[in-house]
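Asks: Can you look at this prediction? I've put the sequence above it.
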Amino acid sequence: MVGAPMPPSSDPLTQSFLDAVATHAAAFEWDATRAGVDVRCTTAVAGGANRARLKAFLPKPGTLVVFLYKDSNVPFSDDRFSYGALTVKSVPKDAADYVAILDYAASGFHPERRPDCAKRTVPFTVPK
């Protein structure tokens, strides 16, 4: 993790995600200005800067959603482009699923690197 250190979470599901980010080989930067736990992959991809972001949030007790997205390139737009989500219910997810979505983010969400655990639909309202 680069930049300011992420504070620990009192929620075990969120903390399991934070632990995976902190130990991943790619560099991620925490964005404290955004709701939930929002990290951006700072590892460069072929062709330029990596815009992949992951937002972890708790839509209800016992459910963690890790939303995979990119911000719009248009300066005045607040659109987000979804690349899926990982939903974790009740118990921390297998570390392999976290590694898979973090690897996917490190690739800049390359379509050939999309893991099976990243579902295409997000049945929750994603905070900004």
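Replies: Sure, I can see it. The shown structure was predicted, so the numbers you read here are calculated from the model rather than taken from an experiment.

Asks: Low-confidence bits of this protein, can you list those?
Replies: 1-5, 73-74, 76-79 (pLDDT under 70).

Asks: And the helices in it, which stretches?
Replies: Here the chain has its helices, by DSSP state H, at 12-23, 95-106.

Asks: So for the protein, the centremost residue is which one?
Replies: In the chain, the residue lying closest to the centroid (CA atoms, centre = their mean) is Leu54, at 1.9 Å.

Asks: Might one say that that residue is in contact with Ala105?
Replies: Yes: taking contacts as CB atoms under 8 Å, Leu54 lies within contact range of Ala105: 5.8 Å. Glycine gets a C-beta too; all of them are placed from N, C-alpha and C.

Asks: shared neighbours of those two, anything?
Replies: 28, 41, 68 (CB atoms under 8 Å, 6 or more residues apart in numbering).

Asks: Export those residues as TSV, with columns for neighbour count.
Replies: TSV is the format used below for those (neighbours: other CB atoms under 10 Å):
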residue	neighbour count
Phe28	25
Cys41	25
Leu68	23
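
Asks: how about a markdown table for those, with distance to Tyr98 added?
Replies: Formatted as a markdown table, the shared contacts of Leu54 and Ala105 follow (distance: CB to CB, whole Å):
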| residue | distance to Tyr98 |
| --- | --- |
| Phe28 | 12 |
| Cys41 | 14 |
| Leu68 | 12 |
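
Asks: Just the ones of the residues you listed in strands?
Replies: In this view, the shared contacts of Leu54 and Ala105 that belong to strands under DSSP state E are 28, 41, 68.

Asks: Just name the closest of those to Ala35, please.
Replies: Ala35 has its nearest neighbour among these in Leu68, at 15.9 Å by CB to CB.

Asks: ok, the closest one - contacts?
Replies: Counted by CB under 8 Å, 6+ apart, Leu68 has contacts 52-54, 82-86, 101, 104-105, 109, 118.
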